[in-house]
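Chemist: here you go, sequence then predicted model.
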Amino acid sequence: MTAPDESVVHGSKAQDKAAPKDLPALDRLLRDCAPLVVEHGHTLVAAEGRALLDALRTRALAGQLPLAEVATLPAALAARVAARLQPSMRAVVNLTGTVIHTNLGRALLADAALQQVLALMGSPNNLEFDLATGSRGDRDELIEGLLCELTGAEAATVVNNNAAAVLLGIAALARGKEAIVSRGELVEIGGAFRMPDVMAAAGATLVEVGTTNRTHPRDYEQAITPRTGLVVKVHTSNYQVQGFTASVDEATLAPIAHRAGLPLMTDLGSGALVDLSKWGLPPEPLPQAMLKAGCDVVTFSGDKLLGGPQAGLIVGSREAVGRIRKFPMKRALRLSKLPFAALEATLRLYLRPERLVQDLPTLRLLTRPAEQIAALARQLLPEVAAAVSPRFAVEAVALQSQIGSGSLPVERLPSAGLALTAADGRGRTLEALATALRELPRPVIGRIQDDRLLLDLRCLEEPTLLTSQLGVLKEALA
């Protein structure tokens, strides 16, 4: 009779596998990890230790747990605790080519804004306290004077984003009434922010005028009735209609609205406060110009072209902004102290316009010379190629950057970067590389286009953010 296979039943293979009895009790594991408990506390370490032992016990019962793994339990528990404390929201390296990237946090804050947030958040502050009188204050007063100085407005207020600014403005000025908008301006922004839906949520009845491609002054004039409460203009910053088109600008529309005793509100969205064309960038309408044209209310974003935190800025006439400020919805939408501190610091940078390119990251990245970016691509080429070869070929290429999602999305900026192609020519191999880049300690985000993984370097001001991780990338690809 043939003897049983010793390597399976009694031999080395069986001895290489751990049984459930080989696992320590939780108390024993915690004693072995005493420094970890001191550092992080009993609750977290015990919870992760219990989960670790349960998982290992299941593998041991299935005969799939190597005995050597039991000896590494303290290290495994430390790794679990570290992973549990790892934040979900992390800093990444933006090599997509989109400077103001909606999915990557939009505008980067200036150093002055970061320092202001740190200084005020670690200490009590005068968010709603009047230092002059020693009585309760209004947070709007801390920033209203600065906004009025920069835009020429009579009054100003801020809320938590521009969608909130539009919603609040319509609700305060046209709730229970009709609001007139050109059919060609019924935009959708982001995943679900549609102008018709906003009108309904604000309690106003939408009245569309004109056609998709052409709207004339008479269209507005004919639509005004005793039920009208507001005329609205929307800057179509996230798309363009080309060809046989016509629209009514604010300077023409303001007298039409005012003759009927109606306020005119315009939503600029992107929120440029300076003329971008002086740096060779496409021009955007400015709040200053809209107010001079006769608009009663102008709304725009804080975290797009303005280069600050997420915020919705509302500027305009004293009467219209006063109605908005007193509307009950305002408190629910108000800006909290963190973005408020960052917004004030960002706006103060505009008091020194000659320094904006140096001090404001968004403008600095948008105006970065293509030659400088190309030189960086040539510099990084050998190091990146060494990390990904032989599975991928790398070349320095000219690229076209995007200004930003929702902010001049069809405009392009000459840029440069690295193009990585798979040696086997398979798209799945490129996807695997993109995944490996996202799994780095500081995730690197590029874009796949035309069977190439493109790393646009316009937003890479500190090359070591990439080069310091190339060793980890090489190991992951090995």
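Modeler: Sure, I can see it. Numbers count the residues shown, from 1 in each chain.

Chemist: alpha carbons only for contacts and neighbour counts from here, please
Modeler: Noted.

Chemist: so where is this protein shaky, pLDDT-wise?
Modeler: The chain contains residues with pLDDT under 70 at 1-15, 189-192, 237-240, 405-411.

Chemist: how is this protein carved up into domains?
Modeler: Following automatic domain parsing, one gets these domains for the chain: 6-85, 93-101+366-477, 111-359.

Chemist: a markdown table for these, including mean neighbour count?
Modeler: Formatted as a markdown table, the domains of the chain follow (neighbours: other Cα atoms under 10 Å):
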| stretch | mean neighbour count |
| --- | --- |
| domain 6-85 | 15 |
| domain 93-101+366-477 | 18 |
| domain 111-359 | 19 |
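
Chemist: would I448 count as being in a strand?
Modeler: Yes: assignment of I448 by DSSP: H, G, I helix; E, B strand; the rest coil places it within a strand.

Chemist: can you tell me which residues contact it?
Modeler: 430, 454 (Cα atoms under 8 Å, 6 or more residues apart in numbering).

Chemist: where do the helices of the stretch 51-200 of the chain begin and end?
Modeler: Counting by DSSP state H, counting those that start in this stretch, one finds helices in the stretch 51-200 of the chain at the ranges 67-70, 73-85, 111-121, 141-151, 162-174, 195-201.

Chemist: let's have these in TSV, adding distance to V298.
Modeler: Below are these laid out as TSV (distance: least, Cα to Cα, whole Å):
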stretch	distance to V298
helix 67-70	64
helix 73-85	43
helix 111-121	24
helix 141-151	10
helix 162-174	9
helix 195-201	16
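
Chemist: the ones you listed: which one's closest to Q288?
Modeler: With Cα to Cα as the criterion, Q288 lies closest to helix 141-151 of the helices of the stretch 51-200 of the chain, at 4.6 Å.

Chemist: quick one: which of the helices of the stretch 51-200 of the chain is nearest A47?
Modeler: helix 73-85 (9.3 Å).

Chemist: what's in contact with that closest one?
Modeler: In contact with helix 73-85 (Cα under 8 Å, 6+ apart) are residues 29, 32-33, 36, 44-45, 48-49, 52.

Chemist: what's the answer for stretch 268-277, then?
Modeler: If you take Cα under 8 Å, 6+ apart as the criterion, stretch 268-277 is touched by 150-151, 162, 234-235, 237, 282-288, 298-302, 304-306, 406-407.

Chemist: tell me where the stretch 201-350 of the chain has helices.
Modeler: 217-223, 250-259, 287-292, 318-326, 329-333, 337-349.

Chemist: how about a markdown table for those helices, with distance to A377 added?
Modeler: As requested, the helices of the stretch 201-350 of the chain are exported to a markdown table (distance: least, Cα to Cα, whole Å):
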| stretch | distance to A377 |
| --- | --- |
| helix 217-223 | 51 |
| helix 250-259 | 44 |
| helix 287-292 | 38 |
| helix 318-326 | 49 |
| helix 329-333 | 44 |
| helix 337-349 | 31 |
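
Chemist: kindly state which of the ones you listed is positioned closest to T435.
Modeler: Comparing these by Cα to Cα, helix 337-349 comes nearest, at 32.3 Å.

Chemist: got the angle between that closest one and helix 141-151?
Modeler: In terms of direction (axes from the mean of the first three to the mean of the last three Cα atoms, to 10 degrees), helix 337-349 departs from helix 141-151 by 30 degrees.

Chemist: looking at this protein, which strand is longest?
Modeler: strand 392-404 (DSSP state E).

Chemist: after it comes which helix or strand?
Modeler: Scanning forward in sequence from strand 392-404 by DSSP states H and E, the next helix or strand is strand 412-422.

Chemist: packing partners for that following strand?
Modeler: Under the contact definition 3 or more Cα pairs under 8 Å, 6 or more residues apart in numbering; DSSP states H and E, strand 412-422 sits against helix 370-388, strand 392-404, helix 427-438, strand 452-456.

Chemist: could I get these in TSV, plus columns for distance to E250?
Modeler: Formatted as TSV, these follow (distance: least, Cα to Cα, whole Å):
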stretch	distance to E250
helix 370-388	36
strand 392-404	25
helix 427-438	45
strand 452-456	38
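
Chemist: figure out which of those is closest to A62.
Modeler: It's helix 427-438; of the helices and strands packed on strand 412-422, that one is closest to A62 (Cα to Cα) at 30.8 Å.

Chemist: state the distance from L230 to R352.
Modeler: Distance, L230 to R352, by Cα to Cα, to the nearest Å: 36 Å.

Chemist: repeat for R323
Modeler: Going from R323 to R352 by Cα to Cα gives 32 Å.

Chemist: still on that earlier bit, so which of the helices and strands packed on strand 412-422 gets nearest A293?
Modeler: strand 392-404 (26.8 Å).

Chemist: what pairs with that closest one, parallel or antiparallel?
Modeler: Sheet pairing here is set by DSSP bridges, and for strand 392-404 it gives strand 98-100 (parallel), strand 412-422 (antiparallel).

Chemist: any chance you could give me it in CSV, C-alpha atoms only?
Modeler: Output of strand 392-404 as CSV, limited to C-alpha atoms (Å, rounded to 0.1, in the frame of the first residue of the first chain):
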residue,chain,number,x,y,z
PHE,A,392,6.9,51.6,-21.4
ALA,A,393,8.5,54.0,-23.8
VAL,A,394,8.7,57.7,-22.8
GLU,A,395,9.1,60.8,-24.9
ALA,A,396,8.9,64.6,-24.3
VAL,A,397,6.0,66.1,-26.3
ALA,A,398,4.2,69.4,-26.9
LEU,A,399,0.7,69.4,-25.3
GLN,A,400,-2.3,71.6,-24.9
SER,A,401,-3.4,72.4,-21.4
GLN,A,402,-6.9,73.3,-20.4
ILE,A,403,-7.7,76.4,-18.3
GLY,A,404,-10.4,74.8,-16.3
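
Chemist: before we move on, the earlier item: what would the strands paired with strand 392-404 look like in a markdown table with distance to P74?
Modeler: Below are the strands paired with strand 392-404 laid out as a markdown table (distance: least, Cα to Cα, whole Å):
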| stretch | distance to P74 |
| --- | --- |
| strand 98-100 | 43 |
| strand 412-422 | 40 |
